[in-house]
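Novice: Provided below for reference: sequence and predicted model.
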Amino acid sequence: MLPVAAKQEEHMLRILIVDDEPIFRMGLRAGISWSEYGCEIIGEASNGREALSIIQTQNPDIIFLDIKMPGMDGIELLKNCQPHSGQCFIVLSCFNEYDYVREAMKLGAMDYLFKPLMEKEDIEKVLLEAEEKLGYSMQADQARQHEKEVQNALQLILENKDMSGPERFRMLEPEISSFPFFPLHISLKSRELDSEKASAILDSCRALISGFFSAFQCFFLRKDRSLLCLLFSKLPHPEPVGTHQLRLLYGKLQNITENCTWMGADCLHYALSELPQSLRHACLASEANYFQPLNGSLPLLMIFDSRMEKNYEFAEIYQPEIGAIKEAVLQYDIDIISTLIHQIAQNIRAQGFFNREDFCHLLTSIITDSMRIYRNRIILEQLLLSNYHLISDIYHQPSMDEAVSLFLQILMTLFAHLNGNTGSFHARLLQETLDYIGQHYSEKLSLEMMAERAHLSINYFCKLFKDQTGETFVNYLNKTRIHAAVWLLSTTSMKTYEIADAVGFSDYHHFTKTFKKITGLTPSAVRDQPHDAPYPSLLSDKG
């Protein structure tokens, strides 16, 4: 095996030999022309404790490490060192020490040599392997450092903290900085994802984008729960990046992220001086997805529009509607308030007023201004203070629809307090819901529909329903339908599948399964039994 080319002194790999046998250390030192392999021996140690001190002070690149030594052996040394990518441990052992070798490899050792049969060629081989590994490691470290510098530059540019940002980027990436570029911004719709899941999703987005835009050099910046992507063309005159291509990318993103991301983009730019503005445009475009309907057919992809960076005085634009809302507040009329605020939201979507902060300010100001109508300021201040976390949480909702839902929930809570009886307010609200279920159980009813009808968020509606009835909404609805089915089986000659459809089950198999679960009997068994009693009300069962 030919030795590698000799390296310059400052690039020599540093070797440490650790063995309790002086003769072996001497033989290993003398048996190889270390300089021919770009290496130098910086020290020797007779046990693990001596070696640990040298490793901590001199940081050698390659350590030849005997396993069995007095005091601190090789295994213990590896446990104390915790080998990293910038070090290679080569274990020296006898044939009967293979269990120790296996443990050493688990602890991070790169390779091993059997001392009795160790030849010069074996040492040369592991040296070349170590050199290759360390070379890659140094390249990886350099790449990581460069990436960090690029990320810092992008962060400063985005926050307007570095007026010379584009020039700094040009210094970091001189080869491509004169080529066209465009930014993308990916953000997570839900704040309920834990940090580990969020990180995994954004990593998947990063990998997909890098592969999708193979003709572009990609730079990434992770911040909070979002991913900023800056894509520089590798060609001076690239093909235009069209809406169709972006929608194709977004479709792929949704497939791998379980439909939990927003994406915003800006157009292709040709001057590096436009970099700060383009980054902000992509962020604004992504943020504008906030205004899309939750259950809408449109993909949550937005291309930057100049309307996205304007500030809107919604209080002036919608002054008549806001005045009507304040009048409705005096009457505790949540239905009128809901109708008016949904009209405002619909108009905002239609007119393209994409400014999340301004809209949230509109909602919070309606709450605070409406409450000032009442004369007892002390009580109102206490109410607003106790509900401050809810009011401020409006700004943190992932969509306009959810912000509106929370807005209505807050108003109803305040109404309940002002009426002096939260329990009766909730009881009345629930009774209206139960009455509606009793009258419309044969229709297609969903949790989302009933929560919207009650002007409550889905989570709050579920909690209120369970607290008041002891049942989940789905269980209660199923019991209502099955009780109706029992009555029809007892009093009519309708076929079972007709009864299933009549009480609101579109799937006959689901009907029979639910029927058996609730009654303990099959529909045919219930029909065969005598039934003198009328259809029992679920509400009466609940007392």
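Specialist: All right, it came through fine. Numbers count the residues shown, from 1 in each chain.

Novice: nearest residue to Asp19 other than its sequence neighbours?
Specialist: Asp66 (4.1 Å; Cβ to Cβ, 6 or more residues apart in numbering). Placement of C-beta: from N, CA and C, glycine included.

Novice: hey, where'd the helices end up in the stretch 401-543 of the chain?
Specialist: 422-440, 447-453, 458-469, 473-491, 496-502, 508-519, 523-528, 538-542 (DSSP state H, counting those that start in this stretch).

Novice: For the first one, enumerate the helices and strands it packs against.
Specialist: Using 3 or more Cβ pairs under 8 Å, 6 or more residues apart in numbering; DSSP states H and E as the contact definition, the elements that helix 422-440 packs against are helix 400-418, helix 447-453, helix 458-469, helix 473-491, helix 538-542.

Novice: Restricting to C-alpha, output the third one in PDB.
Specialist: When you say that, I think you mean helix 458-469. Written as PDB, here are the backbone C-alpha positions of helix 458-469 (Å, rounded to 0.1, in the frame of the first residue of the first chain):
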ATOM      1  CA  ILE A 458     -64.800  22.900  19.100                       C
ATOM      2  CA  ASN A 459     -62.600  22.300  22.200                       C
ATOM      3  CA  TYR A 460     -64.700  24.500  24.400                       C
ATOM      4  CA  PHE A 461     -67.900  23.000  23.100                       C
ATOM      5  CA  CYS A 462     -66.700  19.400  23.800                       C
ATOM      6  CA  LYS A 463     -65.600  20.400  27.300                       C
ATOM      7  CA  LEU A 464     -69.000  22.100  28.100                       C
ATOM      8  CA  PHE A 465     -71.000  19.200  26.600                       C
ATOM      9  CA  LYS A 466     -69.100  16.600  28.600                       C
ATOM     10  CA  ASP A 467     -69.200  18.600  31.900                       C
ATOM     11  CA  GLN A 468     -73.000  19.200  31.600                       C
ATOM     12  CA  THR A 469     -74.100  15.700  30.300                       C
END
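
Novice: returning to what we had before: any idea which of the helices of the stretch 401-543 of the chain scores lowest on pLDDT?
Specialist: For the helices of the stretch 401-543 of the chain, the weakest mean pLDDT is recorded on helix 538-542, namely a mean of 36.

Novice: hmm, back to that, how about CSV for the helices and strands packed on helix 422-440, with mean neighbour count added?
Specialist: Below are the helices and strands packed on helix 422-440 laid out as CSV (neighbours: other Cβ atoms under 10 Å):
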stretch, mean neighbour count
helix 400-418, 20
helix 447-453, 16
helix 458-469, 17
helix 473-491, 20
helix 538-542, 13
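
Novice: So which of those helices is nearest Glu239?
Specialist: Closest to Glu239 of the helices and strands packed on helix 422-440, according to Cβ to Cβ: helix 400-418, at 35.4 Å.

Novice: the inter-axis angle of that closest one versus helix 458-469?
Specialist: Direction vectors for helix 400-418 and helix 458-469, defined by axes from the mean of the first three to the mean of the last three Cα atoms, to 10 degrees, enclose an angle of 40 degrees.

Novice: give the contact list for the residue nearest to the spatial centre of the chain.
Specialist: Nearest to the mean C-alpha position of the chain, by Cα atoms, centre = their mean, lies Ala198 at 2.4 Å. Applying Cβ atoms under 8 Å, 6 or more residues apart in numbering to Ala198 gives the contacts 188, 225.

Novice: Leu16 looks like it's in a strand, true?
Specialist: Yes: checked against DSSP: H, G, I helix; E, B strand; the rest coil, Leu16 lies within a strand.

Novice: can you tell me how far the residue lying closest to it once chain neighbours are set aside sits from Asn152?
Specialist: Excluding the flanking residues, the one nearest Leu16 by Cβ to Cβ, 6+ apart is Pro60, at 4.1 Å. According to Cβ to Cβ, to the nearest Å, Pro60 stands 31 Å off from Asn152.

Novice: Check Tyr270 too.
Specialist: 25 Å.

Novice: again with Lys444
Specialist: 54 Å.

Novice: who's more crowded, these two?
Specialist: For Lys444 and Asn152, the more surrounded residue by other Cβ atoms under 10 Å is Asn152, and the numbers stand at 14 against 8.

Novice: where exactly do the strands run in the chain?
Specialist: Here the chain has its strands, by DSSP state E, at 13-18, 39-45, 62-66, 88-93, 111-114, 181-188, 216-223, 226-233, 261-265, 301-303.

Novice: mind putting these in CSV, mean neighbour count included?
Specialist: Converted to CSV, the strands of the chain look like this (neighbours: other Cβ under 10 Å):
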stretch, mean neighbour count
strand 13-18, 22
strand 39-45, 19
strand 62-66, 25
strand 88-93, 23
strand 111-114, 18
strand 181-188, 25
strand 216-223, 18
strand 226-233, 22
strand 261-265, 26
strand 301-303, 22
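
Novice: Redo the ones you listed as CSV? Include mean pLDDT and distance to Leu429.
Specialist: As requested, the strands of the chain are exported to CSV (pLDDT from 0 to 100; distance: least, Cβ to Cβ, whole Å):
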stretch, mean pLDDT, distance to Leu429
strand 13-18, 92, 75
strand 39-45, 91, 77
strand 62-66, 93, 72
strand 88-93, 91, 69
strand 111-114, 88, 71
strand 181-188, 88, 33
strand 216-223, 86, 41
strand 226-233, 88, 37
strand 261-265, 83, 33
strand 301-303, 63, 37
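
Novice: My read is that Gln58 contacts Arg14, right?
Specialist: Yes: taking Cβ atoms under 8 Å as the definition, Gln58 is a contact partner of Arg14 at 7.0 Å.
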